[in-house]
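# 3D model of this:
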Amino acid sequence: MELHEYASHDAVGLRGLITSGQVTAAEVEDAARRALEAADERVNGLALPIFDPALGHADDGPLAGVPFLIKDSGPMAEGVPFFLGSRAIPGVTARHDTDLMRRIRAAGLVTLGLTTVPELVVSFATESLRYGPTRNPWNPDRGVGGSSGGAAALVAAG
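Predicted structure coming up:
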């Protein structure tokens with residue numbers, strides 16, 4: 001799957017390609033990994049390196065095979081450290097999945113990474129000391145805001 005093909009589909013479109021046999025879930029994951037690497041290089045939207053392997057997920061969920069990211073806003077997924085965008089929190093590892101994470105896994109979403117957030121998830125600008133500034137892909141001289149700044153920048157970057 002080419003990156004422009006990947007970027008032209010939303011979650012439902014990607015799932016449709018997988019279920020119709022036009023692409024495999026592995027091909028979609030590979031494209032997502034390549035897209036994330038390219039986008040993160042430009043925007044600094046990932047809080048950690050891309051997960052390798054992806055987090056466990058159901059192979060038969062309604063969105064099975066669709067790439068997904070979680071944000072660094074607290075203990076979300078068992079075994080995944082969280083920082084809340086702060087250097088004061090040294091990567092505490094979540095001891096269990098939240099209910100939301102259990103649902104994400106059951107849906108079959110392929111969680112590939114952790115996105116940047118503002119310091120302690122309370123600032124309007126996603127420019128924490130832990131990660132450095134997350135940039136707007138349409139104008140790198142500008143930042144992004146809100147608790148989903150890293151996710152928004154990565155999505156906007158394709």
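
# can you mark which positions in the helix of greatest length in the chain are buried?
Scanning the chain for the helix with the most residues, using DSSP state H, yields helix 25-43. Residues 25, 27, 28, 29, 31, 32, 33, 35, 36, 39, 40, 43 are the ones in helix 25-43 that count as buried (16 or more other Cβ atoms under 10 Å). Every residue, glycine included, has its C-beta placed from N, CA and C.

# lowest-pLDDT helix or strand in the chain?
Across the helices and strands of the chain, mean confidence by mean pLDDT, DSSP states H and E is lowest for strand 127-128: a mean of 90.

# for the longest helix of the chain, list the C-alpha coordinates in CSV.
Output of helix 25-43 as CSV, limited to C-alpha atoms (Å, rounded to 0.1, in the frame of the first residue of the first chain):
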residue,chain,number,x,y,z
ALA,A,25,-4.0,-5.8,7.7
ALA,A,26,-0.2,-6.2,7.6
GLU,A,27,0.0,-4.0,4.5
VAL,A,28,-2.1,-1.3,6.2
GLU,A,29,0.0,-1.5,9.4
ASP,A,30,3.2,-1.2,7.3
ALA,A,31,1.9,1.9,5.5
ALA,A,32,0.8,3.4,8.8
ARG,A,33,4.3,2.9,10.3
ARG,A,34,5.9,4.6,7.3
ALA,A,35,3.4,7.4,7.4
LEU,A,36,4.0,7.9,11.2
GLU,A,37,7.8,8.0,10.7
ALA,A,38,7.5,10.6,8.0
ALA,A,39,5.0,12.7,9.8
ASP,A,40,6.7,12.5,13.2
GLU,A,41,9.9,13.7,11.7
ARG,A,42,8.1,16.9,10.5
VAL,A,43,5.8,17.5,13.5
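
# put together JSON lines for the buried residues of helix 25-43, with distance to residue 58 on each row.
JSON lines is the format used below for the buried residues of helix 25-43 (distance: Cβ to Cβ, whole Å):
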{"residue": "25", "distance to residue 58": "12"}
{"residue": "27", "distance to residue 58": "19"}
{"residue": "28", "distance to residue 58": "16"}
{"residue": "29", "distance to residue 58": "15"}
{"residue": "31", "distance to residue 58": "21"}
{"residue": "32", "distance to residue 58": "18"}
{"residue": "33", "distance to residue 58": "20"}
{"residue": "35", "distance to residue 58": "23"}
{"residue": "36", "distance to residue 58": "22"}
{"residue": "39", "distance to residue 58": "26"}
{"residue": "40", "distance to residue 58": "27"}
{"residue": "43", "distance to residue 58": "30"}
